[in-house]
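Q: When you get a sec, could you give me coordinates for this:
(chains A and B)
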Amino acid sequence: EHVISIQAKSTLDCDINMTDAEYTSLSLIPNVVESLRTSFNDGITLPYSYRIQQLKNLRKLVSENADAIIRAEQADMYKRPRSELEMTAVGFVLKEIDHLVANLAEYMKPTAVPEAANLGKGQLVQTPRGVVLIIGPWNFPTNLVLCPLAGAIAAGCTSVVKPSEVSANVSALMQKLIPSYLDRRCVAVVTGAVPQTSALLSQKFNLVFFTGSPVIGKIIATAAAKHLTPVVLELGGKNPVVVDDAIDLDKVAEQIAEARYGLNCGQVCTAPEYVILSAHRQQAFVQAMMKAIKRKFGENEKMSAQLSRLKNRHHAQRLQTVLRENREHIVYGGDCDLDELYVQPSIVANADASTHIMQEEVFGPILTIFPVQDVYRDAIRVLQSYPKPLQMRVYSDNQRFVQDIVARTDSGGVSINSAVSHFRVEGFPFGGSGWSGCGRYHGKYSFEAFSREKPVLQAKL
Amino acid sequence: VLSYLTMSSSYTPVSLISRMVRSNAESFAKGLTLSAQYRIEQLNALKLLIAENIESIVIAEQQDMLKRARPEIEIIECQMVTQEIDQLIKNLHNYMAPQSVAEASVMGKGELLYCPRGNTLIIGPWNFPLNLVLVPLAGAIAAGCTAIVKPSEVSENVSRLLEKLLPLYLDSRCYKVVHGGVAETSALLKEKFDLIFFTGGPAVGKIIATAAAKHLTPCILELGGKNPVVVDDFIDLDKVAKTVVQERYALNCGQVCAAPEYVLVSEKRQGALIDAFKREIGEKFGKNPQESPLLCRLKNKKHWERLKNVLDENKQFVVYGGGSDADDLYIEPSIVANADLSTPIMKDEVFGPILTVVPVKDIESDAIKIIQTLPKPLFMAVFSEDDKFVNAMVTRTDSGGLSVNTASSHFVVPGFPFGGTGNSGMGRYHHKYTFEAFSHQKPVLYAKI
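A: From the prediction side, this is the model:
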């Protein structure tokens, strides 16, 4: 059904903002980190049995509080569908934890290095990084701190978790729940905004795991460089879609509509941002997109239960500005209602490198069409002219064309003839490259992200 | 080639650097470096560069480092590099082949594919000036990257030789040398690269990491630090002395990032351990070490003075050696004993022929505590035949690599990744890891619409 109940306007005005007084006191932060350092050095987090116990406790944290988590996420994001949250904030997190529990013994085993045999017994020993800092974003605030945290625990690290203050309810909930379920000697929650994050970054960690924008990613990387601390940066950018001259446009449009508008109102780092295709196909593709939008959201998108809302007024205004700056290119949509935090699924066409919308990540329900003269000849040039994206999608049955793109461009991940991002693919490492990030996680890669393989040689004396 | 070496000195003009980087980037975007055939051609050319110029290399290295032994140059600067290149050539097709991901089958065909990072920068140090740029370069070539190589200007003759030789063997559209100092390096660091590979000290490592952060460029930093040796209460001290003396003094006069810096031992065994060191040094280098062909010299006046200062600052703790000769850039193999964390010598990496002995009360708990307190070292050696003791050292401390019952580091172990952690660096290379270092492993999903 496309009809939903209208919530009271007053709900929108009381974004719960934790005051500075409720944030972690700056003066406490060095002690917090020091205490985690002592715990790590004492070897508390090293035994397999300890890590399994903590992972199981983390699992209980999620399963026993699923409803509270969902309600906190909904309080932080107006009209966020429960069904989505059951999957992204609960189901996915449980799956990650279960995977680590099931495989931890295997992951912790050293790897033999037979080539070393002439010198002695050689092994790669899995070693925890040490004391780590996990900083989360506001778009999937539970998932994007608890999945890294599970990896840190599995790897034997102690952790500071810094959820995003922008998702204040989830942040407050984490601050309450984590110390109740996990060993306070080894996991600490720090809540706060820029001052707290800066104070944390001036401490020495053995790894910083950050999810957020490239602009902040740069700040994190710069701060970490002072301590020679390695970082895992899960960033974003403009994710391209390449559509060739032969592929079925209706099927493509169906998938792209879902990926751009269907999840969290496009506020997803892996969502498609712009579509590269031959100019002669642009009109047909726009028609196909409009059909797909109608099929998904009905005649009145604002009334659809399938469409969520923008994070807050600031982001709704940001998207409104994007629409205004690109108004002569809008071929569909363009409607906004700031009070409702609503932006209509929109399409901007005839974009080129100079078009406003191509200068920054949209992170919202606006798709850009970037026509070229000949997609087979021009797509790679366009792809290479932009920073490496987190997720690339290519729609084509032309093997040579596909292989050429895969070989000559880089991105966090590529999907061919599918809009599914590498975030969701079982067994795939998830992460960016260049501007879209460094490092990777999920599944065994979460264990690896927080570990290091230390080469150990046992020589004969 | 010798005549090139006597030409008047000039660094690569800073004004050219931007153009050089752009030229490499364009070559990469065109796809010049991607085919396996091209990569193998270039790797073979690099092999030839070494094979055809051994004499010039030896001469340049000896001009850069007084009394550097020919076998050391031939083995480390030539043979080891050639071996690494051979391994890359032999395995290239395997490395380049996509790896299937079975679990992805629900959604389609899933693969992991190594993709070149792109346009890379390789900055080398002066202690093994050829090996520590050419092995990374071989990895860059194998991975399909373009590269700018910036050898250390401190090893001036080798750097100049490389500047002349590289364009004669490799495709200069894709591989270039910048010869220069601080100004040229700074100009390079302003440019955007897809990867920076740096070998050197932690202080400059931080500068590199900070510059790279501005572009969100990943780095591989091969740094240094103070490498500890832990000696338990039962192990044969003569056997310890043999390998520690070799690694601290005999190779490049201790100017090696993986060489042992300080030895942790029980107070009650310190005397006997020092005696064992003295005996071994005497046997190895003879009555007058300054005449021994096994001992080379400090890099230059600056480094000689640095080591002389170390000896002076720690005068009251010097229990052996302490001699020096300014004109000969000579520092006698020396031992500083009874040190603790406050002793001046424990502050910075010595990077020279002075070994420090740190006596402790309880070897297991105190060694762990001290090593945990200090920055993570590149390498750690543990001498013990007690499995429990060894396990405690391995699991309760961290380091780039660890060896048990030898002071020879993970640099030389076949199949081992080489690199540091924390202050001693990030990333790793050697063997297949060099290919991986210059690659991005990209997940690719093939579905049917």
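Q: wait, does whichever helix in chain B runs longest contact chain A?
A: Determined from DSSP state H, the single longest helix within chain B is helix B:267-285. No - using CB under 8 Å from any CB of the partner chain, helix B:267-285 stays clear of chain A, with a minimum separation of 13.7 Å. Using the backbone N, CA and C atoms, a C-beta is placed for each residue, glycine as well.
Q: Next SSE downstream of that helix?
A: helix B:301-313 (DSSP states H and E).
Q: as a whole number, average confidence for the longest helix of chain B?
A: Across helix B:267-285, pLDDT averages out at 98.
Q: would A:V322 count as being in a helix?
A: Yes - A:V322: assigned to a helix according to DSSP: H, G, I helix; E, B strand; the rest coil.
Q: How about the contacts made by it?
A: A:356-357, A:362, A:364, A:366 (CB atoms under 8 Å, 6 or more residues apart in numbering or on different chains).
Q: Which members of those residues define the maximum pairwise distance?
A: A:H356 and A:G364 (14.0 Å; CB to CB).
Q: could you list every residue that touches the closest residue to chain A within the stretch 101-250 of chain B?
A: Closest residue of the stretch 101-250 of chain B to chain A, CB to the nearest CB: B:E103 (3.1 Å). Applying CB under 8 Å, 6+ apart to B:E103 gives the contacts A:426-427, B:110.
Q: B:V394 now?
A: A:125, A:454, A:456, B:382, B:402.
Q: wait, A:I293 sits on A:R260?
A: No - look at A:I293 against A:R260 with CB atoms under 8 Å: they stay out of range, at 9.4 Å.
Q: intersection of neighbour lists for the two?
A: With CB under 8 Å, 6+ apart as the test, A:I293 and A:R260 both reach A:P345.
Q: count of residues packed around A:F140?
A: Per other CB atoms under 10 Å in any protein chain shown, the neighbour tally for A:F140 reads 29.
Q: Specify the local secondary structure of it.
A: Under three-state DSSP, A:F140 comes out as coil.
Q: Skipping its backbone neighbours, what lies nearest it in space?
A: A:T88 (5.6 Å; CB to CB, 6 or more residues apart in numbering or on different chains).
Q: hang on, the one you found packs against A:L144?
A: No - in this structure, A:T88 is not within contact of A:L144 by CB under 8 Å, at 9.5 Å.
Q: Have a look at these two and say which one is more surrounded.
A: A direct count of neighbours by other CB under 10 Å for A:T88 and A:L144 places A:L144 higher, at 27 against 21.
Q: Any figure for the gap between that one and A:Y441?
A: Look at A:L144 and A:Y441: by CB to CB, to the nearest Å, they are 10 Å apart.
Q: any common contacting residues for those two?
A: Contacts common to A:L144 and A:Y441, judged by CB under 8 Å, 6+ apart, are A:E234.
Q: Run a quick neighbour tally on A:P455.
A: With other CB under 10 Å as criterion, A:P455 counts 27.
Q: mind checking which helix or strand it is in?
A: strand A:451-459.
Q: Low-confidence regions, chain A specifically.
A: A:1-21, A:461 (pLDDT under 70).
Q: if we go to 50?
A: Applying pLDDT under 50 to chain A picks out residues A:1-17.
Q: Report the central residue of it.
A: A:C269 (5.5 Å; CA atoms, centre = their mean).
Q: before we move on, the earlier item: most neighbours among the contacts of B:E103, please name it.
A: B:G110 (26 neighbours).
Q: I'd say that residue and B:V101 touch.
A: Yes - at 3.8 Å, B:G110 counts as touching B:V101 under the criterion of CB under 8 Å.
Q: shared neighbours of those two, anything?
A: By CB under 8 Å, 6+ apart, the residues touching both B:G110 and B:V101 are A:425, A:427-428, B:443.
Q: which of those residues sit farthest apart?
A: It's A:G427 and B:P443 that sit farthest apart of the shared contacts of B:G110 and B:V101, by CB to CB, at 8.6 Å.
Q: intersection of neighbour lists for these two?
A: B:101, B:110.
Q: what's the following helix or strand after the helix or strand bottoming out on mean pLDDT in chain B?
A: Ranked by mean pLDDT, DSSP states H and E, the weakest helix or strand in chain B is helix B:2-5, scoring a mean of 46. Past helix B:2-5, further along toward the C-terminus, the next helix or strand under DSSP H and E is helix B:14-30.
Q: got the CA coordinates for the following helix or strand past that following helix in CSV?
A: From helix B:14-30 onward toward the C-terminus, using DSSP H and E, the following helix or strand is helix B:36-51. C-alpha atoms of helix B:36-51 as CSV (Å, rounded to 0.1, in the frame of the first residue of the first chain):
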residue,chain,number,x,y,z
ALA,B,36,50.9,-9.4,-18.6
GLN,B,37,53.2,-9.4,-21.6
TYR,B,38,54.1,-5.8,-21.0
ARG,B,39,54.8,-6.3,-17.3
ILE,B,40,57.0,-9.3,-18.0
GLU,B,41,58.9,-7.4,-20.7
GLN,B,42,59.6,-4.6,-18.2
LEU,B,43,60.5,-7.0,-15.4
ASN,B,44,63.0,-8.7,-17.7
ALA,B,45,64.4,-5.3,-18.7
LEU,B,46,64.9,-4.5,-15.0
LYS,B,47,66.8,-7.8,-14.5
LEU,B,48,69.0,-6.9,-17.4
LEU,B,49,69.7,-3.4,-15.9
ILE,B,50,71.2,-5.2,-13.0
ALA,B,51,73.0,-8.0,-14.8
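Q: now what about the very next helix or strand once past helix B:36-51, what contacts it?
A: On the C-terminal side of helix B:36-51, the nearest following helix or strand under DSSP H and E is helix B:54-64. The contact list for helix B:54-64 (CB under 8 Å, 6+ apart) reads B:1-2, B:5, B:50, B:68, B:70, B:73-74, B:77-78, B:126, B:129-130, B:155-158, B:160-161, B:165, B:299.
Q: repeat for stretch B:67-84
A: B:47, B:50-51, B:54, B:57-58, B:61-62, B:128-131, B:134-135, B:138, B:251-252, B:293-297, B:430-431, B:434.
Q: Correct me if wrong: the residue nearest to the centre of chain A contacts A:N139.
A: Yes - the criterion here is CB under 8 Å, and A:C269 meets it with A:N139 at 7.4 Å.
Q: and the closest residue in space to B:G415 that isn't next to it in sequence, backbone torsions?
A: The spatially closest residue to B:G415, leaving aside those adjacent along the chain, is A:E115, at 3.0 Å (CB to CB, 6+ apart). Main-chain dihedrals, A:E115, degrees, to the nearest 10: phi -60, psi -20.
Q: Ok, A:V275 next?
A: According to degrees, to the nearest 10, A:V275 has phi -110, psi 120.
Q: how close does it sit to chain B?
A: Counting by CB to the nearest CB, to the nearest Å, the gap from A:V275 to chain B is 15 Å.
Q: count of residues packed around residue 137?
A: Using chain A. Neighbour number of A:P137 under other CB under 10 Å is 23.
Q: wrong one, I was asking about chain B
A: 29.
Q: which SSE is it in?
A: helix B:131-143.
Q: touching chain A at all, that helix?
A: No - against chain A, helix B:131-143 shows no contacts by CB under 8 Å from any CB, the least distance being 11.8 Å.
Q: For that helix, the averaged confidence score.
A: Helix B:131-143 comes out at a mean pLDDT of 98.
Q: Also stretch B:106-113?
A: pLDDT averaged over stretch B:106-113 gives 96.
Q: That stretch vs chain A: in contact?
A: Yes - Stretch B:106-113 reaches chain A (CB under 8 Å from any CB) through B:106-108, B:110, B:112-113.
Q: Now do the strands in the stretch 251-400 of chain A.
A: Applying DSSP state E, counting those that start in this stretch to the stretch 251-400 of chain A gives strands spanning A:272-278, A:330-332, A:336-337, A:342-343, A:346-348, A:366-372, A:391-395.
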